[in-house]
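K.L.:
Could you work out the structure for the sequence below:
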Amino acid sequence: MTTRSEREKAQKLNEQHQAILTKLLREEDNKYCADCEAKGPRWASWNLGVFMCIRCAGIHRNLGVHISRVKSVNLDQWTPEQIQSMVDMGNTRARQLYEAHLPESFRRPQTDQYPPSLFSYWLFTDPIMKSHGWVSTASFLIILFLTI
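P.N.:
This is a model prediction of the structure:
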């Protein structure tokens, strides 16, 4: 059982986290889904450090928690480590990292299409990810996403 002071402390921490997330969502690139560029993302993959729309959040959830850990910006409780991950990355830095090896022919999907995950593409093409063995885990999903 938690004490009143513990609940108040947790409440205050949650309010601080919400303020940080709200501030991050005001940054230009964070105003749009990292994958499909839908306006007003309310979800995030905290281990990847990206904000996303509900549709792309569902795709990330289907990749599995060993690849992408999805949380609601407003509905879930966040830990300090998760918040720090979002502060450290954000959609701007994530694009620089995850999209560095995209071919010139790659076109970001429109919001009315079934969006492939750019993280999935990065996972499949990046030599570092291949060396970590993540490719074998998600190859089928990645190929599926890229061919739809």
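K.L.:
Work out for me the element residue 108 sits within.
P.N.:
For residue 108, there is no helix or strand it lies in under DSSP states H and E.
K.L.:
Pull up the per-residue confidence for the closest residue to it other than its chain neighbours.
P.N.:
Nearest residue to residue 108, sequence neighbours excluded (Cβ to Cβ, 6 or more residues apart in numbering): residue 37, at 6.1 Å. In this view, the C-beta of every residue, glycine as well, is placed from N, C-alpha and C. pLDDT recorded at residue 37 is 88.
K.L.:
Check which helix or strand residue 37 maps to.
P.N.:
Per DSSP H and E, there is no helix or strand for residue 37.
K.L.:
Quick check, it in contact with residue 95.
P.N.:
No: the criterion here is Cβ atoms under 8 Å, and residue 37 misses it with residue 95 at 10.6 Å.
K.L.:
Count the residues that sit near the residue nearest to residue 108.
P.N.:
Other residues near residue 37 come to 18 when the count uses other Cβ atoms under 10 Å.
K.L.:
cool, residue 83 as well?
P.N.:
Counted with other Cβ under 10 Å, residue 83 comes out at 18.
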